[in-house]
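Chemist: Dropping the sequence and predicted coords here.
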Amino acid sequence: MQFFLLLLKVAFVTSQIAWKNCHDNSKTIKLLNLTIHPYPIVAPGSITVKLTIHNEQEISSPLKVDLSLHKKILFGSIPVPCISGIGSCKYDDLCSLCPQCGCPMAIGDHIITLPITIDTTSWALVGSYQAQVDVETNSGEKGCVTLSNIHIESSK
């Protein structure tokens, strides 16, 4: 029985974050790839998020982002409120918050590497999450991606 539990934990922990573009074909900004290293995410600590996107129109400032983040609980999930820019938040211009994003962004495929530091030791952060990210440019270009299997563990 202990061997089975160990295998289950190894399979659970080593799985990578899952993502997919929303089903709306009118979206002109698409996620092509997403990796997080190390995974699972350990807090406190540093991670690197590497994403590849494709855009069919030039992306310039402002780039509005609506992030909906939910923490999984026993029989469902609960929304994570926006506190100090973390959680389910609306951002008026991701370009001004993210110098690594390289705005304005020409038409085509782009690889963006984001170093992120998680400096909280709160036990409340530990758990599994799911999210939806909606982006929109001032010219009306849109993108949407859903994320699941987001795991945060404590280093303590």
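Modeler: Received the coordinates, thanks. Numbers count the residues shown, from 1 in each chain.
Chemist: In this protein, spot the strand with the most residues.
Modeler: strand 142-154 (DSSP state E).
Chemist: starting at the chain centroid, how far to that strand?
Modeler: 5 Å (Cα atoms, centre = their mean, to the nearest Å).
Chemist: tell me which residues in it are buried?
Modeler: When burial is assessed from 16 or more other Cβ atoms under 10 Å, strand 142-154 yields the following buried residues: 143-147, 149-152. Just so you know, the C-beta spots here come from the backbone N, C-alpha and C atoms, and that holds for glycine as well.
Chemist: what about stretch 83-90, how long is it end to end?
Modeler: Stretch 83-90 has an end-to-end distance of 11 Å (Cα to Cα, to the nearest Å).
Chemist: Identify the residues contacting it?
Modeler: 64-70, 79-82, 91 (Cβ atoms under 8 Å, 6 or more residues apart in numbering).
Chemist: so after the lowest-mean-pLDDT helix or strand in the chain, what's the next helix or strand?
Modeler: Taking mean pLDDT, DSSP states H and E as the measure, the helix or strand of the chain with the lowest value is helix 2-14, at a mean of 37. Next along the chain after helix 2-14, taking DSSP states H and E as the criterion, comes strand 18-21.
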